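Asker: have a look; sequence and predicted model below, questions after that.
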Amino acid sequence: MATQTILREADYNEGHAASLAISPEISIKEPLTFRDPDYFDPTPFLNQQEIKHFKKEGFIVKRQLIKDEETFQKIKDHIWANVPRSLMKQNNPQTWIEPPENKWTESDSLKVGHLKNRNWKIRSKGSNGLGTEDFLVKNIANSPNMLKVVESLIGSPVRPPKRVRGIYCVFPSKPGSQEKYNVHVDYIPSHVTAMVIADQIRPGCGGFMLWPGSHIELHRYWNTAHGGGMDHEKSKNFLEAREKIIGGTTPVEFIGSAGDVIFWHPRAIHSAGINRSAEHGDPLVRVIIPCDFQLAGLAYVDDEKFGPSEDYQWWIDTRNFEEDMPPNTTNIWNDWAI
């Protein structure tokens, strides 16, 4: 008898407005490959043009910010070491083109994270769960260069991360298949989020996508400037604004190499890209490490309804905090360092 697949959707409370699906009438524009402007500086410091770019567009990119070949090799080895029952094999790309979701069990999802729509988020609960390994927490999230950029953006002291969200993989789609983007907005209380590229990403190969400027428009609809809460009366306007942005704005897709980092505003609309690498005869697995940051010394509280908490969105290291203020048209950058 075939084992039934059970996806761990219970880790989310799907009632939040930000989790609602995009209207099928909305046409999502194909992304443009982002090309770094000349003023992007690879050092862990921000120049005035980078600050202006972050405020307007909602992101900056720091190339080769983390130079640690050993750690990135450990990440790749860790992926294949955690594949259940060798369902996919590193040296056999045919096993990870259209990965075997129908053979992924509830036990697999609990131990190594669920696999859905060719996206495998490698993470698990607990103080020693997947996402808490030293080579991820110490060498990636708490890398000195990472923290320098974060401090330049939000100030200090920064609350030291105790985990990363996980290792996020996007496997190649079968050539000719029709795919959909999972466009969404996070409902988490981070000050700033970073996507660390862990292996080469070419154009059209599942790179992280973001809708420039969307963070500014959506800021007003939340209960607080950073928190994940949204009152019901605000949700309708939020959803209308979200769909207007998605239908009218061309997203950017980020390519790069191991050690490149995209720092972005957590209110921005975003999605994983579609990995079409198999169509070009050179399939790859897109690998990114998402990290969340916030200021230290605040009165942190769990959101028992939507998370982050022990039950919902437990992979998010940041927390809501009592000092957070309601948003208005002028306070989006009030407690930032920029």
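Answerer: Ah, there it is.
Asker: contact partners for Ser263?
Answerer: Heads up, residue 263 is Phe, not Ser. Contacts for Phe263 (Cβ atoms under 8 Å, 6 or more residues apart in numbering) come out as Phe54, Phe59, Ile60, Val61, Lys62, Val149, Val150, Leu153, Val192, Thr193, Ala194. Bear in mind the C-beta positions are built from the backbone N, C-alpha and C, glycine included.
Asker: the second one and Pro266 touch, don't they?
Answerer: No - at 10.9 Å, Phe59 and Pro266 do not qualify as touching, with contact defined as Cβ atoms under 8 Å.
Asker: and the residue lying closest to Glu323 once chain neighbours are set aside, how many neighbours?
Answerer: Nearest residue to Glu323, sequence neighbours excluded (Cβ to Cβ, 6 or more residues apart in numbering): Leu298, at 5.5 Å. Per other Cβ atoms under 10 Å, the neighbour tally for Leu298 reads 18.
Asker: state the three-state secondary structure for Leu298.
Answerer: Following DSSP: H, G, I helix; E, B strand; the rest coil, we place Leu298 in the coil state.
Asker: strands of the stretch 151-300 of the chain, residue ranges please.
Answerer: Under the criterion DSSP state E, counting those that start in this stretch, the stretch 151-300 of the chain contains strands at 167-170, 192-197, 208-210, 252-253, 261-264, 270-272, 286-293, 300-301.
Asker: re earlier: what's the most distant pair in the contacts of Phe263?
Answerer: Val61 and Val150 (14.5 Å; Cβ to Cβ).
Asker: tell me which of those two has more neighbours.
Answerer: Val150 (26 against 21).
Asker: quick one: buried residues of the helix or strand hosting that one?
Answerer: Applying DSSP states H and E as the criterion places Val150 in helix 144-154. Residues of helix 144-154 classed as buried: Asn145, Met146, Leu147, Lys148, Val149, Val150, Glu151, Ser152, Leu153, Ile154 (neighbour count, 16 or more other Cβ atoms under 10 Å).
Asker: tell me where the stretch 151-300 of the chain has helices.
Answerer: 214-218, 232-248 (DSSP state H, counting those that start in this stretch).
Asker: does anything pack onto the first one? Which helices or strands?
Answerer: Helices and strands in packing contact with helix 214-218 are listed as helix 232-248; criterion 3 or more Cβ pairs under 8 Å, 6 or more residues apart in numbering; DSSP states H and E.
Asker: buried ones in the helix it packs on?
Answerer: Phe238, Leu239, Ala241, Arg242, Glu243, Ile245, Ile246.
Asker: check the offset of it from the chain's centre.
Answerer: Relative to its chain's centre, helix 232-248 lies at 21 Å (Cα atoms, centre = their mean, to the nearest Å).
Asker: how about stretch 188-199?
Answerer: 6 Å.
Asker: how long is that stretch end to end?
Answerer: From its first residue to its last, stretch 188-199 covers 26 Å (Cα to Cα, to the nearest Å).
Asker: got it, and stretch 43-59?
Answerer: Counting by Cα to Cα, you get 16 Å between the two ends of stretch 43-59.
Asker: would you mark the buried spots in that stretch?
Answerer: For stretch 43-59, by 16+ other Cβ under 10 Å, it's Pro44, Leu46, Glu50, Ile51, His53, Phe54, Lys55, Glu57, Gly58, Phe59.
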